[in-house]
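Engineer: show me how the following folds:
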Amino acid sequence: MENKLLIAGLSAGLGAAVTYLTSSLSAKKKKRSLNEDEEDEDTTLSSPSNQHVDKSIKMDTDEVGNTTTTKKESLNLESLLQEEIFNEQMDRTKLYYGEEGFEKIRESFIVVVGLGGVGGAAAHVLLRSGVKKLRLIDPDLVTLSSLNRNALATRKDVGRSKVEVMKQHFNDICPEVEVEAIQTFFTGELAPKLLHGKPDYVLDCIDNTQTKVELLTYCKRENLRVISSFGAGSSSDPTKVHISDISYTFGCPFGREVRRLLKLNGIQDGILCVYSTEVHRKKLIPLTDEELKLLNEQAVKPTLRVRTLGVSMPIPLIFGTAMSCNVLNDIVGLKTILEEDKRTPPPLTEYTRLFKLLVKKDLIMHRTPPTHLKKFMGPLDIRYIIDEIYEKKSGISGQQSSVLFVIRWRPEKPCAPNNLIYLSQSEAEIHEKVTNVDQHYPKELVQRIDKLLSTVVMDEKQITLANSIL
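Structural biologist: Residues are numbered from 1 along each chain as shown. Just a heads-up that it's a prediction; the model follows:
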């Protein structure tokens, strides 16, 4: 009966429930006291000589017993009330994911690295979804300028540690979730310590490319599930936000640099990313001479972001919410994108076409078997050469064109990623007839192309198979 009354009290409001519990305990205590007084009165009437002794014994015993019982009842009721509150708070989450799915969420341990607009929003969603434990990592303090995108911070929090502020607010929202706050920079050296405990998921919300690559590389090598956020600044079109494997990401300059650095570590795919394909409307604000001088004097760490970028408040929150939504779905085993909704990423279609043309050209000009080339090259390699090496511009003229091709640079060397040049149609037609690039092109041009191609990263398998062509 009391359970039903408690649930009814919760539905009407916590205040009503607390009032009911307090009054119920008081009524029981008063009733018990009245019964004891009546018993004492009967004893006094039947045995006057024992009145003082009997009453003293009963009063002392009852006082100790009542105190112990009341404390136990209070603790039990408080525990019951807390459990009912949490269950009611998670009711809609359970209805969506089901009891079994929610249990998986409830047992999950998640690490969020970076508590800016993206990371704060992601952590907020995970907290309200009832995960078991959150570890929050960020070195920064709350600033006035960050309040336009911070998920929970107020003006009173300015100057305080971001992780501590989030932990405090999170405890008010859902104290059943364990929150660990760590105020520090993430580095590759600290990765084993900061990511210990076998987290079920890691959210990369770092806005520095070097540190981001260190985190993603560590997670890949340690087989930790990770999802990464690319640049959320300088965007305001929510319809351009996507989630895909890093090998399919496009349209984000920040992401292009991350892909390039990860390739140096032998990583090209297997990392889920949230990114925007919107053309950036704003650029990083340049530093003044005074700011540059101050940075040099203070010897600021290279991992610290010092230039700023305009941010539209909704986009970082959309990024963070999209990340956490995918994490929850992955933990439960629910596909974020249904099979019937899957589409081939638009950019790969063009890279696939260019790769097929390269294979065809090399077969005609150098008699290279197509099956051999396909063993160590593909559309992703063509994309890498075009986007990261030549930055979508002709290797010779440095101009962009609507029709560009990828062909061998030096005809005497094998067709491989480190011997390809990106040219316009007219440039390609001329280059196909060149037998010696050193004699045909200016020395400065040849040196520039050779220097660019020397930065191309190839694994041992690609090098071995490419050399076998000769």
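Engineer: any idea which residue sits dead centre in this structure?
Structural biologist: In the chain, the C-alpha closest to the average C-alpha coordinate belongs to Leu203, at a distance of 2.7 Å (CA atoms, centre = their mean).
Engineer: does it have beta-bridge partners, and which?
Structural biologist: Using DSSP bridges, the bridge partners assigned to Leu203 are Val112, Ile227.
Engineer: got a pLDDT number for it?
Structural biologist: Confidence at Leu203, expressed as pLDDT, is 98.
Engineer: do Met458 as well
Structural biologist: Per-residue confidence (pLDDT) for Met458: 88.
Engineer: enumerate every residue touching the residue nearest to the centre of the chain.
Structural biologist: Neighbour list for Leu203: 110-113, 119, 122-123, 226-227, 229, 323-324, 327 [criterion: CB atoms under 8 Å, 6 or more residues apart in numbering]. All C-beta atoms are positioned from the backbone trio N, CA, C, and that covers glycine.
Engineer: at 7 Å instead, please
Structural biologist: With contact set as CB atoms under 7 Å, 6 or more residues apart in numbering, Leu203 has these partners: 110-113, 119, 122, 227, 323, 327.
Engineer: which of those lies closest to Ile137?
Structural biologist: Val113 (4.7 Å; CB to CB).
Engineer: quick one: the closest one and Asp138, what's the gap?
Structural biologist: As judged by CB to CB, to the nearest Å, Val113 and Asp138 stand 8 Å apart.
Engineer: can you check Ala122 too?
Structural biologist: Separation of Ala122 from Asp138 (CB to CB): 12 Å.
Engineer: try Lys162
Structural biologist: Per CB to CB, Lys162 is found 5 Å from Asp138.
Engineer: which neighbours do these two have in common?
Structural biologist: Leu115.
Engineer: isn't Thr211 right next to Gly188, touching?
Structural biologist: No: the criterion here is CB atoms under 7 Å, and Thr211 misses it with Gly188 at 8.3 Å.
Engineer: buried residues in the helix or strand harbouring Arg259, which are they?
Structural biologist: In the assignment (DSSP states H and E), Arg259 maps to helix 253-264. By 16 or more other CB atoms under 10 Å, the buried positions in helix 253-264 come out as 254-263.
Engineer: same question for stretch 166-175.
Structural biologist: In stretch 166-175, counting by 16+ other CB under 10 Å, buried: 166-167, 169-170, 174.
Engineer: more crowded one of Ala122 and Asp138?
Structural biologist: Ala122 (31 against 26; other CB atoms under 10 Å).
Engineer: need the pLDDT of that one.
Structural biologist: 97.
Engineer: use 29 as the first number from now on
Structural biologist: Noted, 29 is the first residue going forward, which turns the last one into Ala150.
Engineer: tally of neighbours for the closest residue to it other than its chain neighbours?
Structural biologist: In space, and not counting its chain neighbours, Ala150 is closest to Gly348: 3.8 Å by CB to CB, 6 or more residues apart in numbering. Gly348 has 31 neighbouring residues, counting by other CB under 10 Å.
Engineer: please compute how far the helix or strand containing Gly348 lies from its chain's middle.
Structural biologist: According to DSSP H and E, Gly348 maps onto helix 342-360. Its chain's C-alpha centre and that of helix 342-360 lie 8 Å apart, by CA atoms, centre = their mean, to the nearest Å.
Engineer: pull out the buried positions in that helix.
Structural biologist: For helix 342-360, the neighbour count (16+ other CB under 10 Å) marks 343-356, 358-360 as buried.
Engineer: you'd agree His152 is up against Asn178?
Structural biologist: No: look at His152 against Asn178 with CB under 7 Å: they stay out of range, at 10.0 Å.
Engineer: helix/strand/coil for Ser272?
Structural biologist: Here Ser272 is recorded as strand under DSSP: H, G, I helix; E, B strand; the rest coil.
Engineer: element containing Ser422, please.
Structural biologist: Using DSSP H and E, no helix or strand contains Ser422.
Engineer: what sits against it?
Structural biologist: Per CB under 7 Å, 6+ apart, neighbours of Ser422: 429, 432, 450-452, 455.
Engineer: among those residues, which lie within helices?
Structural biologist: Using DSSP state H, the subset of the contacts of Ser422 located in helices is Glu455.
Engineer: give me the pLDDT value at the nearest residue to Lys388 once chain neighbours are set aside.
Structural biologist: Counting by CB to CB, 6+ apart, Lys388 lies nearest to Pro398, which is 7.8 Å off, once chain neighbours are set aside. The score at Pro398 is 91. That number is its pLDDT.
Engineer: same check on Ile365?
Structural biologist: 68.
Engineer: ok so, going back, let me see the mean pLDDT of the helix holding Arg287.
Structural biologist: pLDDT averaged over helix 281-292 gives 90.
Engineer: what do you get for stretch 167-179?
Structural biologist: Per-residue scores along stretch 167-179 average to 89.
Engineer: check the offset of it from the chain's centre.
Structural biologist: Distance, stretch centre to chain centre, for stretch 167-179: 18 Å (CA atoms, centre = their mean).
Engineer: mind listing what's buried in that stretch?
Structural biologist: Buried, per 16+ other CB under 10 Å, within stretch 167-179: 167-170, 174, 177-179.
Engineer: with stretch 400-414 instead?
Structural biologist: By neighbour count on 16+ other CB under 10 Å, the buried set for stretch 400-414 is 400-401, 404-405, 407-414.
Engineer: and which of the residues you listed is nearest to Gly225?
Structural biologist: Taking CB to CB as the measure, Gly225 lies nearest Leu408 of these, at 33.9 Å.
Engineer: touching, that closest one and Ser275? I think so.
Structural biologist: Yes: Leu408 is in contact with Ser275 according to CB under 7 Å; the separation is 5.6 Å.
Engineer: now do the shared contacts for those two.
Structural biologist: With CB under 7 Å, 6+ apart as the test, Leu408 and Ser275 both reach Gln296.
Engineer: could you grab the helix/strand/coil label for the residue nearest to Lys291 when sequence neighbours are not counted?
Structural biologist: Leaving aside its sequence neighbours, Lys291 sits nearest to Val485 (CB to CB, 6+ apart; 5.0 Å). When classified by three-state DSSP, Val485 comes out as coil.
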